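Trainee: Fold the following, please.
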Amino acid sequence: MPESHTCNGEDAFLIPTAEVPLTNMHAGAILEESELPISYCALTPCFRAEAGSYGRDTRGLIRTHQFYKVEMVKITTAETSADEHEKLTRHAQECLEELKIPYKKMRLCSGDVGFSAQHCYDLEAWLPSTGEYREISSCSNTGDFQARRMALRYRPAPVADTNADEPNKGGKKKKKAKKPKPVLCHTINGSGLAVGRTLVAVLENYQTPDGDVVVPEVLRPYMGGLEILKKK
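Mentor: Presented below is the predicted three-dimensional model:
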């Protein structure tokens with residue numbers, strides 16, 4: 001085993017996002033439909049090779065090899081995954097709205113969607129320094145792609161047979177309906193938000209002409225009531 005894939009003698013890898021360990025907590029499981037949807041949220045360090053960036057944003061906080069990110073994950077049924085995807089995306093939007101950071105919501109075309117996703121929204125925050133919107137969250141519905149690879153299924157709730165106790169023509173009671181066979185779950189994931197890029201968006205959108213930075217109202221309770229970061 002290559003040394004780069006070991007940690008304290010164990011087979012270990014650096015995660016690109018918390019979506020990987022969160023979904024795999026249920027690898028090989030058969031859940032009950034009544035348990036769904038399952039929703040998770042995790043703050044973890046994330047690691048990216050950033051291969052193919054061709055030298056863009058090699059300095060600063062926009063594109064880094066290691067960063068912290070809050071990840072949201074949902075495990076749902078096929079019938080509810082589209083609605084749950086909208087809800088998850090809305091959670092990320094509300095974070096930006098609470099911070100009062102200008103942003104736009106982009107629905108990606110099929111050519112821009114990752115190979116594992118069937119539907120994806122990007123949330124892009126306005127950065128005055130470059131005069132453009134930059135991705136700050138990506139929310140994807142991967143359908144049953146991930147669930148198929150990790151054998152994650154759920155058993156649909158049995159349909160009640162109202163005639164089960166009635167005798168058939170031969171006078172015998174009808175057989176009870178068999179339990180439905182397990183089917184693949186759907187998984188949904190999204191950033192809520194990438195911490196480094198959110199910090200950049202706050203610093204740039206709240207900077208005053210004097211170089212001070214106004215602390216967003218929603219963050220002041222976590223800053224001991226501080227309202228302005230003074231330039232030194």
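Trainee: Now do the contacts for the closest residue in space to H119 that isn't next to it in sequence.
Mentor: Counting by Cβ to Cβ, 6 or more residues apart in numbering, N141 is the residue found nearest to H119 once chain neighbours are left out, at 4.4 Å. All C-beta atoms are positioned from the backbone trio N, CA, C, and that covers glycine. The contact partners of N141, taken as Cβ atoms under 8 Å, 6 or more residues apart in numbering, are S81, A82, H85, A117, Q118, H119, C120, H186, I188.
Trainee: Can you flag the buried ones in those?
Mentor: Buried by 16 or more other Cβ atoms under 10 Å: S81, H85, A117, Q118, H119, C120, H186, I188, out of the contacts of N141.
Trainee: Could you identify the most distant pair in the residues you listed?
Mentor: Distance extremes for the buried ones among the contacts of N141: the farthest pair is C120 and H186 at 13.9 Å, using Cβ to Cβ.
Trainee: would you list every one of the strands in this structure?
Mentor: 6-7, 10-11, 30-32, 38-47, 66-76, 103-107, 119-127, 132-141, 153-155, 183-184, 186-194, 213-214, 228-229 (DSSP state E).
Trainee: Single out the most deeply packed of those.
Mentor: Stretch with highest mean neighbour count among the strands of the chain: strand 186-194 (a mean of 26; mean count of other Cβ atoms under 10 Å).
Trainee: Show me what the mean pLDDT comes to for it.
Mentor: For strand 186-194, mean pLDDT rounds to 94.
Trainee: shaky segments in the protein?
Mentor: 1-8, 50-61, 160-177 (pLDDT under 70).
Trainee: mind redoing it with 80?
Mentor: 1-12, 48-65, 159-178 (pLDDT under 80).
Trainee: From L36, how far off is K178?
Mentor: 21 Å (Cβ to Cβ, to the nearest Å).
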